[in-house]
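Asks: curious how this folds, go ahead:
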Amino acid sequence: MVYCIRSKEGTRTIYTHLEVTDLSDMFDFCCSMTDEQDARARELIERAAAKWPLRILHVLSDAGAPLRFSRLMERVEGISQKVLTQTLRTLERDGLIIRTLYPQVPPRVEYELTPLGRDLLMQVAALWRWIVERLGDFDARKAVRLTAATNIQSASHQT
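Replies: This next block holds a predicted model:
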């Protein structure tokens, strides 16, 4: 009963006894990638999965229309103006949002999702749903680890 993920050289192969699924060809597309493409793909995944980008994309998606910077600030709770500015620039540079500047006084700037940004959100939604549906499993595993750690500490203090 092997569950295996084949990856690029230098990464681990994962095995488990919990599932019987052959994923051996799931990552075959990686074999044809150059090291530069692999590095770029990993960089984009890391950037998209950072603290704010997905939240901002989600807010823009929910709005269903372009949003001004101030409206984004209101809807992305806990983000600073500086971090919102930096994240919006990165999302624009990656082609996930469009920044539209209206030449008026004062200048008006609006942000909206691109088709690429919408497509990314659709792909991430499946992962998001999977995680949410399994939060109980993650919490149960965490409780087992905490109980085991507590038992080890208790045993070491008793000796």
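
Asks: if I look at the residue sitting nearest the centre point of the chain, how far off is S80?
Replies: Nearest to the centroid of the C-alpha atoms of the chain, with distances taken as Cα atoms, centre = their mean, sits A49, at 2.7 Å. Counting by Cβ to Cβ, to the nearest Å, the gap between A49 and S80 amounts to 20 Å. The way it works is simple: take the backbone N, C-alpha and C, and place the C-beta from them, glycine included.

Asks: element containing Q86?
Replies: Here Q86, judged by DSSP states H and E, is contained in helix 81-93.

Asks: and the helix or strand following that helix, which residues are buried?
Replies: Where DSSP H and E defines the elements, the next helix or strand beyond helix 81-93 is strand 97-102. For strand 97-102, a neighbour-count test (16 or more other Cβ atoms under 10 Å) marks I97 as buried.

Asks: which strands and helices sit next to strand 97-102?
Replies: helix 53-63, helix 81-93, strand 108-113 (3 or more Cβ pairs under 8 Å, 6 or more residues apart in numbering; DSSP states H and E).

Asks: what's the average pLDDT for that strand?
Replies: What strand 97-102 shows for mean pLDDT is 96.

Asks: what angle do that strand and helix 81-93 make?
Replies: Angle of strand 97-102 versus helix 81-93, following axes from the mean of the first three to the mean of the last three Cα atoms, to 10 degrees, is 110 degrees.

Asks: neighbouring contacts of strand 97-102?
Replies: 56-57, 60, 66, 88, 91-92, 107-114, 117 (Cβ atoms under 8 Å, 6 or more residues apart in numbering).

Asks: any idea which of these the model trusts least?
Replies: Among the contacts of strand 97-102, P107 has the lowest pLDDT, at 87.
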